[in-house]
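Q: below is the sequence, then the predicted model.
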Amino acid sequence: MGNALRFLLGKCCKPEADSDHGASAVSALAHDLYSFEITHQVPRELSGHVVSSRKAQSNWYQKLSEAWRETKPPPKTPEEASRLVIQTLKRHKKEDVEGLLAYYGLPLPHTLVDLTDGAVPLQPHGLKFELHTLPVDPRAVADGDTITVYVSTSDPRESSLVPREVHIAASQRAQARSRRDYSVADKLHRDIIDSGYRVITLQNEDVLARKYRIRLRGIDAPESKMPYGEEAKEELVKIVQDRCLRVLVFDEDRYHRCVGDVYCNGVFVQEVMLKKGMAWHYKAYDNRPELDKWEKQARARRVGLWASKNPEMPWEWRKDRREGR
């Protein structure tokens, strides 16, 4: 079995226990591709969703298995899995491609948004610094435009910024854990956390990392208690969970959050949020024309919050709450 399939099966191929429909869809496809590599059999029920023969279906699964194995990292989100299927089977019948996607509950072609290449200028105007994060915990997504991330202190920029007392506490914590004095280790870790750092275990190794709160530059998503607030948060979680991000920081807001552009595997996260109708272009703080264009595209398609006739602007909603309306 290919490494990509082995990885995905190990991480998420438990559809019966998975509460997230999207993850179940991706893992179901990965499971069937793995099974095909062993048995050369496609799911029997698939014939009820497509028009071509079982022999043709076997040809699709052979192609998909090879494409999945070659994709690094392998698809994690329904959108990524759907795009791989569409690209791999682009010369096949539309009814078959859409039927295969529908069988697994993956997004159909007309529901996917077209994205730009996500290329970043070598020296974006106003850039203060750049962060490369550790994988994002989905619980660290506060809402549709705010994420808490961690950056390893082995990063060249971070290594010189770590306070001496944090270095000492991290070293003492490691010693306490080695002698199984977990109460002391936990207290030291609380001190580290209070200083804006955390020890994160990755691949059985402890990594000292610095905490950053990131406010996505140029967009304003509905607040959690607003219509589409939860949907916006869930969309952002789908994009960034368990991924390492590239964050270009341009400013700091009054809540001490870093205001920045966020990229995930080369995808510009703000573009996805705007095109899916999960955020407004925050024109009061960012006048980039491309953001305005992406919002207008979502408005025209009436997707996300634009399905409502007159959605309330989050900045107006916050103002009303401050004034007790």
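A: Here it is on my side, so go on.
Q: all helices of this protein, in order?
A: Taking DSSP state H to define them, one finds helices in the chain at 3-12, 21-39, 54-70, 78-88, 94-104, 156-159, 164-178, 182-194, 229-240, 269-275, 289-301, 314-322.
Q: could you redo the ones you listed as a markdown table and give each row mean neighbour count?
A: Just so you know, the C-beta spots here come from the backbone N, C-alpha and C atoms, and that holds for glycine as well. Formatted as a markdown table, these follow (neighbours: other Cβ atoms under 10 Å):
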| stretch | mean neighbour count |
| --- | --- |
| helix 3-12 | 16 |
| helix 21-39 | 19 |
| helix 54-70 | 17 |
| helix 78-88 | 20 |
| helix 94-104 | 18 |
| helix 156-159 | 12 |
| helix 164-178 | 15 |
| helix 182-194 | 15 |
| helix 229-240 | 21 |
| helix 269-275 | 24 |
| helix 289-301 | 16 |
| helix 314-322 | 13 |
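Q: weakest of those by average pLDDT?
A: Lowest mean pLDDT within the helices of the chain: helix 3-12, at a mean of 44.
Q: quick one on the thing from earlier: for residue 204, find the nearest of the helices of the chain.
A: helix 164-178 (13.0 Å; Cβ to Cβ).
Q: quick one: that closest one to helix 182-194, angle?
A: Calculated by axes from the mean of the first three to the mean of the last three Cα atoms, to 10 degrees, helix 164-178 forms an angle of 150 degrees with helix 182-194.
Q: alpha carbons of helix 164-178, as CSV, please.
A: Coordinates of each C-alpha in helix 164-178 appear next as CSV, following Å, rounded to 0.1, in the frame of the first residue of the first chain:
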residue,chain,number,x,y,z
ARG,A,164,15.7,33.1,29.5
GLU,A,165,13.2,32.0,32.2
VAL,A,166,11.1,30.1,29.6
HIS,A,167,14.2,28.2,28.4
ILE,A,168,15.0,27.3,32.1
ALA,A,169,11.4,26.3,32.8
ALA,A,170,11.3,24.1,29.7
SER,A,171,14.6,22.4,30.7
GLN,A,172,13.4,21.8,34.2
ARG,A,173,10.1,20.5,33.0
ALA,A,174,11.9,17.9,30.8
GLN,A,175,14.0,16.8,33.8
ALA,A,176,10.9,16.6,36.0
ARG,A,177,9.1,14.4,33.5
SER,A,178,12.2,12.1,33.1
